[in-house]
Each structure stands twice: as structure tokens, then as C-alpha cells.
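Visitor: need coordinates for the below:
(chains A and B, ligands or ions: 2)
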There are 2 protein chains.
Amino acid sequence: MARVLTPRAEDFPRWYQDLIAKAQLADNGPVRGTMVIRPTAYAIWERIQSEMDARIKAAGAENAYFPLFIPENYLTREAEHVEGFSPELAVVTHGGGKQLAEPVVVRPTSETVIGEFMAKWIDSYRDLPLLLNQWANVVRWEMRPRVFLRTSEFLWQEGHTAHATEADARAYAKKILHEAYEDLMVTVLAMPVLVGRKTDRERFAGATSTYCLEGMMGDGKALQMGTSHELGQNFARAFDIAFSSQSGAREHAWTTSWGTSTRMVGGLIMCHGDDSGLRVPPVLAPIQAHVMIVKGGEGVAEAAARIRDDLKAAGVRVGFDDRVDTPFGRRAVDAELKGYPIRIEVGPRDLAEGNVTVARRFDGSKLSVPVAGVVDAVVTALAADQGALYDAALAHREANTHEVKTLSEALEAAATGWARLPWSAVGVEGEAEANKQAVTVRCL
Amino acid sequence: MARVLTPRAEDFPRWYQDLIAKAQLADNGPVRGTMVIRPTAYAIWERIQSEMDARIKAAGAENAYFPLFIPENYLTREAEHVEGFSPELAVVTHGGGKQLAEPVVVRPTSETVIGEFMAKWIDSYRDLPLLLNQWANVVRWEMRPRVFLRTSEFLWQEGHTAHATEADARAYAKKILHEAYEDLMVTVLAMPVLVGRKTDRERFAGATSTYCLEGMMGDGKALQMGTSHELGQNFARAFDIAFSSQSGAREHAWTTSWGTSTRMVGGLIMCHGDDSGLRVPPVLAPIQAHVMIVKGGEGVAEAAARIRDDLKAAGVRVGFDDRVDTPFGRRAVDAELKGYPIRIEVGPRDLAEGNVTVARRFDGSKLSVPVAGVVDAVVTALAADQGALYDAALAHREANTHEVKTLSEALEAAATGWARLPWSAVGVEGEAEANKQAVTVRCL
Ligand SMILES: [Zn+2]
Ligand SMILES: [Zn+2]
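Guide: Ligands and ions are numbered 1, 2, ... in the order given. Reported below is the predicted structural model:
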């Protein structure tokens, strides 16, 4: 069979690019660093959104929407914060056919504008906690763009909350970390993420603690899949988010922020993809079972349609391909590229014997199954392959994580994967040393 | 009782502003013309989105995402189109800390960039129809902003489709018009929209036909709730969207575009709102029944929680208010402002007799109902009030629509409502005349 993608072992970044193009997941946008998310990938993002949104709401946060444009002066108010962003800003200088009196910035995050409104909306301890989330696009000018991973515009959710006490803020930052982020990544994305805290050097400007989730990609590198920050009272001071306590005293609130983005789609591809294309975990997949007519023949279309309807009735998300004027081989390659967990191939020869072929994307295995047993076979395979993808990713991570004792051993190990060692063997100076060799301390 | 809002009859625009502020639906953003959509209104928008998205998908379109930033030259390619937009554009001149070689425009619509990619993706008749939709923010600089109705940034869905024949494009533009837009507005928003076609003068630049849906607001004025355009081959020619037909000939596609936005939230408010606040139709309402504890007492909290759980189990979307340290009157006013269709007031006095009070927002009526009968009473009232709101809006429209015969009668009638008359009595010249008096021909 002709090779469809550059093999991962040969050139991992090229494999990633090939896959995104050939599976029709995304294109580069006309303005450098932007991307077009095509329907196949957008459907995956919608599923991630809907699963994440349900978890965020279950954690008590409400959705709202804040403007795309932010006055430039908002970003200078919190000095530590703007330093992290200024080279990344897109600035609008003209609007309504005229030069603007004050330029406005396209939001790189909504932290400042949400802080401003929290200050207006919060009056007493009764208004706390205030738990807000928004789904939005943000812009951070990107010099070395890579689709889904680093793009000048990306889609994300950003949560911003205000609390009466440090303990409450901390508990909430961790609640989102575990109950929304980790739970989604493990149970839906089938990714064994490492959950921990960032070093002082790596944490978000303005945060007192940054918690993170790191996934290991197919090339042994780490990808940050999400972060949750405790901001202490830093932000509340800068934006005067204050409340009168039960005793009547005026106090600054304790705030948190947390975000995940379309970068998760990139992480999913690099975690589960193989040399034939993407593998979408069944719980996530917009199309879990793809019914394909191999070629026309007496009763074939009817049988395929019946299988499709039976699967739907059983609650399976089903795709349907009856484009018999396109060679089956080409369509099968396309289905593998797009990573549908299960393919059901319906053709006249098998059908004459009362069978269809059930193919599992996870391991490429194929099974001849009697028509009456298709639904059971599919449901069983979907459940099994969700676990199998997770286990495979975990085994890959374990095989590429080296227990070491010293910094120099760690730097060596980092060439092919991760190293795990005591923080006392690294320390602030060791971390600076490692950074010079392009190795970062990801997670405490 | 103290008056909460400026009465509609006194000053309709002020009533609208009052309502939006006091029901905490939205705030003005820090950059002029932008808005902050607060959780109460955003939850309504999410329900509209989810109902609309389901209808758009049922009509066969797939969601995708195209970039916020568009090269300036894209907008000059289709001359008729840019004329409609240039004074409304926001232009980014700086990115990544430097002046950009070519300024980029913040999308006022994605028509051009989607056209560009359609041209790349479409090769043969097999690729048609191509049915795309996206949910996104767009920016059109607004000199006289009004929250939800005219804002510099708004949220919308924009559909863009390409077809092999004019008939297919026309059928699809009408399918969306009726099966997605009209159906949602009538059955979910409970708004009796007038569906028709725009005059040549009113139609969208570049369109060959513009179909529209017009709702009558509480002040007798019309609001355009959505549009669906046939673009003929105009766009396809400008962006070279072409395909090889079955006979092998190269032909330009026929395209459509269609959109609805957060303006619908403004229309909803102005159609159904009364002098006590918003009235949200039950089918739409994020909170259909709001359980309120009037004041504490033996078993009150437990009874209220049980009613909440029973309603949830019956599939009702429920709110819960146990803030007994805030006066009940204030909370009841707030619930009326926010327009929850049903309030269930649970207090110790009623409860001693085994009853609670069920209050209908539609007509302000209150009924004492035995606890065991609450679920039935709520389900019945929700169904009745969806119809009642529609009927009331329809009666208002009929009462304010005047059947006339001449243009001068029509202009007179337009002072207090709508006029319906034969197009032959108006004509192109009559329309120009009417426009001078700030009267528009809305719908053919
Ligand atoms: Zn955990
Ligand atoms: Zn209709």
C-alpha cells in the first residue's frame, strides 16, 4: 500500500502537518499565523466544548461574553501582566473610517476587562464567589505558528472567579483543574495527563500558583493541555475588586483564572495519531461508527441503511458513506486518516453470507460479523478501544519517562522523553541551566 | 408598588435601556459600541444557539471556523460588497510589536475568506453542494450603538453555501429561511415573524434576492430578525468558485449566505417585554420555573428542594432561590425583571395548609396549588404560556398593521405601526419617497 503520511519516526513535525492537510482538519488562514478549522476538526472541537462546558457548569460557573476590543490602558494597569503580552498584541488603530483617538487592543485574554466588571458587580460578601466563564477567540501574535498548537488567533474558554478567602480561591482553582480539566482529558480525550504545579520560573505572570496538565506526545515531548491559576489578591488590587465582609470591613477578593483551548485538538492528534492518521477516542468522536458501502449490489444500500439506523437507535453517533462512484480503497484511507473509531464495511460478497466487516481503527483489526450482531459488536468495540487508547498512551509515557537522580542525567533523558527527579536535585539554578539547553521543568 | 422601569408607553427606548440594566442582561463595554453580555442574557443566547444549531445541522450544513483577520485586499476584490462595509471596518495596523506590512481587517462578515477557501476545496460537481456555517464574532463600527440591536461587535452565525444550479441555491436559501429561521422564531421565540423578500433598494449588496424575517416590536416598529441571501454567481465569479460539471465543463457555482445574531435577543426583549420586565417564552427559557423560598420555617427548605427535584425529574429547567436574608419583595421583582415564565413561591403559611403559590409571568396571575399538584400545574402553564405569548404578539401586530391602498395612507399608518399595501401602489419611486420620511419597505 502506498504510504499516505510521512512516518512519525522519520519526521514527527512533518507527519503532523501531513496529517492535518490530508485528513482535511485545518488550513493556514490568509493572514500569517491564523487557521481555518475545517468541519472534521471543528466537530471534534464542538464535542470537546460541549463536554467541557457541562463540567464547568457542574462546577458552578456561569457563561458570559466580554468584548473583543480592550482599551490599551487596561493592559498597562497591571504591569507584571502586560510584560507577558505586549509583543504579542494586535492593535486596532482605525475604526469607522477614522483614526481612533485611543488605539484598542484585540484581547490576548479577557483577564483585565473581566476584572474591571467584577469590580463593578461585586459589592458585598453575598456576591461571592463570582464564577464566570467565557468561550471566545483571542489573539496573540505568533512568530512561529503551528496549526492548533501555536496560532495567532485561537479559540478557548477562559474562566475568571472571585472569592472571599484564599482557601476558597485555591479550592476552586483545583476543582476546575481536577473535575473539569483532568476529568475531561482522561475520560473523554483518553490522555493520561500529568497534573501538578509550575515552578516560579514557569508560572503565569501575576499568578501566585499555576497548576497545569501535561500530556506526552508521540515524539516523547510534553504539551501543556491546560492551566489553572491562583492569582492571590494581585489582580483584585490592580482592578479594585473589593467587597464588604460580614463584619463590614472592605477587603480585596481572591481571584483565579483557568483556560483550555483549540491546542487540545493538536494534543489529541499528537498523542493518539499513528502512521495511518488520526485515532479519535470513541467517547469524544463525533462519528463513532462509519458505515461504508463497499460497492453496489442487490440489497446492499438497504442493508447499510438499516445498520446505520439500528446503530443510531442504540445511541451510537454514525457516519454514512454511499459514494460508490469513488474507489473504496480511497474512501477507506480517508476514513483511517480521519480516525473514526469503527468502520462497518457493507459489500455484496460478505452480505451474501449474512455478514459485514467491522474494522477497528485502534489496532487495524477486522472481524466478519453477522448483520444481526453488528450493534453489539460496535458497542463492545467502542468501550474497549476507549480504554485501549488510554492504556497505549500511558504505556508510551511510562516507557519514555526516565527515573533519574541528577540534573545531568535528566538532561540526557530529555533528548528522548521525560525525566522524573526530585526538585531538590534541580532547584532554581538547575532550572536556569536546563532552560539554556531547551529543557523545561514542566510539572512539580 | 414602586415603579421599576420607565413604562413603555412613556418612553420605549428608555424602557429598553432600563430593562437591560435592571435585569442585568448586559452592560456597555469599555470600548464604545461594544457590549458585555451578562450570564442571564448569555444563557438565553446559548439556548437560541443550541436550537438554531440543531436546525442548521438538520438542514445539512456543517460547522467550521474561519479567521478573525482578513487581508484588506480581500474586501476590495468584490467591489459592490466593500462599498457596503468600508466605513464600518476596524483595521489592525500593528501586530507582534511592529507595524504590519499590509493592514488586516477584523471580519465584518466572513463571506470573502470563506469564498476564497470554497474555491480551493471545490473541484467537481461531486463536491457540491458545500454547506458551511460558523458561529463567530464580527465587527462593524457603529456610530449610534444600542445594546443587542446595533453593536460594533456582535455574535452571530453565518452560513455560506455553494451549489451546482441556481434552483438548488434558491431552494437552500429558502430552506434555511423557513426550516431554521422561521421555525425557531415562531416555535421557540414565540414571535410571529413576517417572512418575505426585500426590495432591490433594501437588499444586501451583491445579492440577487434577499429574504427576510421581520418582527413587530412593542412600539409598533419593525425589527429584522434574520436574512437569507441568494448571491447568484456574483460571488463565485469574484472568488472563482468553479467546478467541473458532469459533462466536464467548467462552471461557476451558485452561492447563498444567511445570518442571525445576538440582535435576536434585543428583538425578544422588545417583542415580549412588559412594564415589569422581560417575559421569556417557556420553550426558550434557560430557567422555566423558579422555585423561591419566601421565608424560612419548619420544613420550608426541604419542601422547596423537593419541588425543585420533582420539577427537574419531569424535565423542567429549574432555578432555585433560597436567599432568605434578602427581602422577598426584592427577589420577586428581580424574578419578574428576568422574565422566568413560572415562579413557585414556597412559604411557611401556605405550606401549613399543604399549598404553594404558582405565579405566571405571562399575565401575573397567581394560583394556590397543593404541593402534590405542582409539577402538573407547572407543565400545563408552561405549554399554555408559550402559545399565549405568541398569540399576544400576533394580536399586537394585527392591531398595529393597517390595510391601506395608497402610499400617503401608508406613510400616515407607519407613524404608529405597519402598513400593508400592494407593491404596485408603491413602486421604486414611491419607495424612494417613503425613505425620505424614514419609512422603509420591509418585506414583499
Ligand atoms: Zn486529579
Ligand atoms: Zn415558512
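
Visitor: convert the C-alpha atoms of stretch A:168-178 to PDB, please.
Guide: Output in PDB follows, covering the C-alpha atoms of stretch A:168-178 (Å, rounded to 0.1, in the frame of the first residue of the first chain):
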ATOM      1  CA  ASP A 168     -11.900  29.200  48.700                       C
ATOM      2  CA  ALA A 169     -10.000  30.500  45.600                       C
ATOM      3  CA  ARG A 170      -7.400  27.800  46.000                       C
ATOM      4  CA  ALA A 171     -10.100  25.100  46.300                       C
ATOM      5  CA  TYR A 172     -11.800  26.400  43.200                       C
ATOM      6  CA  ALA A 173      -8.700  26.600  41.000                       C
ATOM      7  CA  LYS A 174      -8.100  22.900  42.000                       C
ATOM      8  CA  LYS A 175     -11.700  21.900  41.500                       C
ATOM      9  CA  ILE A 176     -11.500  23.100  37.900                       C
ATOM     10  CA  LEU A 177      -8.100  21.500  37.400                       C
ATOM     11  CA  HIS A 178      -9.300  18.100  38.500                       C
END
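
Visitor: quick one: buried residues of it?
Guide: A:168, A:169, A:170, A:172, A:173, A:174, A:175, A:176, A:177 (16 or more other C-beta atoms under 10 Å in any protein chain shown). No exception for glycine: its C-beta is placed from N, CA and C like everyone else's.

Visitor: tabulate those (JSON lines), appending distance to residue B:6, pLDDT and secondary structure.
Guide: Shown next, in JSON lines, are the buried residues of stretch A:168-178 (distance: C-beta to C-beta, whole Å; pLDDT from 0 to 100; DSSP: H, G, I helix; E, B strand; the rest coil):
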{"residue": "A:168", "distance to residue B:6": "39", "pLDDT": "98", "secondary structure": "helix"}
{"residue": "A:169", "distance to residue B:6": "40", "pLDDT": "98", "secondary structure": "helix"}
{"residue": "A:170", "distance to residue B:6": "45", "pLDDT": "98", "secondary structure": "helix"}
{"residue": "A:172", "distance to residue B:6": "39", "pLDDT": "98", "secondary structure": "helix"}
{"residue": "A:173", "distance to residue B:6": "43", "pLDDT": "98", "secondary structure": "helix"}
{"residue": "A:174", "distance to residue B:6": "46", "pLDDT": "97", "secondary structure": "helix"}
{"residue": "A:175", "distance to residue B:6": "42", "pLDDT": "98", "secondary structure": "helix"}
{"residue": "A:176", "distance to residue B:6": "41", "pLDDT": "98", "secondary structure": "helix"}
{"residue": "A:177", "distance to residue B:6": "46", "pLDDT": "98", "secondary structure": "helix"}
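
Visitor: excluding its backbone neighbours, what's nearest residue A:365?
Guide: Counting by C-beta to C-beta, 6 or more residues apart in numbering or on different chains, residue A:359 is the residue found nearest to residue A:365 once chain neighbours are left out, at 7.2 Å.

Visitor: report the contact partners of residue A:263.
Guide: By C-beta atoms under 8 Å, 6 or more residues apart in numbering or on different chains, the contact list for residue A:263 reads A:148, A:149, A:150, A:154, A:223, A:224, A:225.

Visitor: any stretches of chain A with poor pLDDT?
Guide: Applying pLDDT under 70 to chain A picks out residues A:1-2, A:77-85.

Visitor: state the distance from the residue of the stretch 301-444 of chain A found nearest ligand 2 to residue A:370.
Guide: Nearest residue of the stretch 301-444 of chain A to ligand 2: residue A:312, at 28.1 Å (C-beta to the ion). Using C-beta to C-beta, to the nearest Å, residue A:312 is found at 20 Å from residue A:370.

Visitor: residue A:103 too?
Guide: With distances taken as C-beta to C-beta, residue A:103 is found 68 Å from residue A:370.

Visitor: neighbour count for those two, which is higher?
Guide: Neighbours were counted for residue A:103 and for residue A:370 using other C-beta atoms under 10 Å in any protein chain shown; residue A:103 has more, 19 against 11.

Visitor: isn't that one up against residue A:95?
Guide: No: the pair residue A:103 / residue A:95 is not scored as a contact, 9.7 Å apart, by C-beta atoms under 8 Å.
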